[in-house]
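A.B. asks: Quick one, what's the 3D model for this:
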Amino acid sequence: MAFTFEETQISGLFIVRPHYYQDDRGSNMKTFHKETFLEKGLKCDFGETMITTNLHKNVIRGFHYQRPPYTQCKLYYCLCGEWNNYSVDLRKGSPTYGKVICISMNEEERKLLYIPEGIANAHLIKRDNTKVLYQLGSKYMPDHDEGVRWNSLGINFSVTNPIITDKDAGLPSFEEFESPFIYGVNC
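C.D. replies: Numbers count the residues shown, from 1 in each chain. Just a heads-up that it's a prediction; the model follows:
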């Protein structure tokens with residue numbers, strides 16, 4: 001089975017079904033193949049790979065992005081547990097600017113999520129001990145790390161007591177946000 005790519009309602013954001021093989025010994029899954037991603041026209045020069053462990057459900061992370069010139073495409077995979085990924089298009093001039101979509105990620109479905117530059121994303125953790133593997137298109141640059149406040153986009157997270165950092169709670173609202181991204185120019 002080869003990789004399959006399903007484009008979402010936001011241009012350039014894909015659900016990716018990886019190559020998966022199972023037999024009596026167990027299974028094997030290829031989560032990334034550079035030539036295949038390049039054939040789809042996707043940036044995939046990953047600078048870092050990370051794993052985030054979320055001890056409790058109701059953790060909210062984001063909305064995060066890295067501003068130019070250190071923009072990041074991202075490739076996510078759920079190693080264990082379940083989370084919802086919320087992505088918002090921040091690219092000025094994009095036909096879906098300001099649009100938010102939610103994609104559920106869990107270990108059972110064996111799917112990846114490719115997020116292009118200019119899209120900020122947030123996670124709502126749905127199960128305790130959820131582990132997320134992700135690759136970043138450039139290394140983390142703290143001076144270029146920014147975001148949009150999680151509760152300023154009209155999303156009903158349906159969480160009574162969210163677990164969120166002071167940093168994420170203090171991010172500017174979407175109304176206060178000035179996008180550094182221009183669709184088709186710098187992302």
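A.B. asks: Scan this protein for its longest helix.
C.D. replies: helix 34-39 (DSSP state H).
A.B. asks: so for that one, what's the average pLDDT?
C.D. replies: Mean pLDDT, helix 34-39: 94.
A.B. asks: May I see the buried residues of that helix?
C.D. replies: 36-37 (16 or more other CB atoms under 10 Å). Using the backbone N, CA and C atoms, a C-beta is placed for each residue, glycine as well.
A.B. asks: State the number of residues packed around the closest residue to K30 other than its chain neighbours.
C.D. replies: In this structure, K30 finds its nearest non-sequential neighbour in H19, 4.2 Å apart by CB to CB, 6 or more residues apart in numbering. For H19, the tally of surrounding residues (other CB atoms under 10 Å) stands at 15.
A.B. asks: Can you name the element that comes right after the longest helix of the chain?
C.D. replies: Later in the chain than helix 34-39, the nearest helix or strand by DSSP states H and E is strand 48-54.
A.B. asks: Quick one: mean pLDDT over that next one.
C.D. replies: Average pLDDT, strand 48-54: 96.
A.B. asks: Pull out the buried positions in the following helix or strand past it.
C.D. replies: Per DSSP H and E, strand 48-54 leads on to strand 60-66 as the next helix or strand towards the C-terminus. By neighbour count on 16+ other CB under 10 Å, the buried set for strand 60-66 is 60-66.
A.B. asks: How about residues contacting strand 60-66?
C.D. replies: When contacts are defined by CB atoms under 8 Å, 6 or more residues apart in numbering, strand 60-66 is touched by residues 52, 54, 71-72, 86, 88, 90, 118-125, 138, 140-141, 144-150, 153, 157, 159, 162-165, 168, 171.
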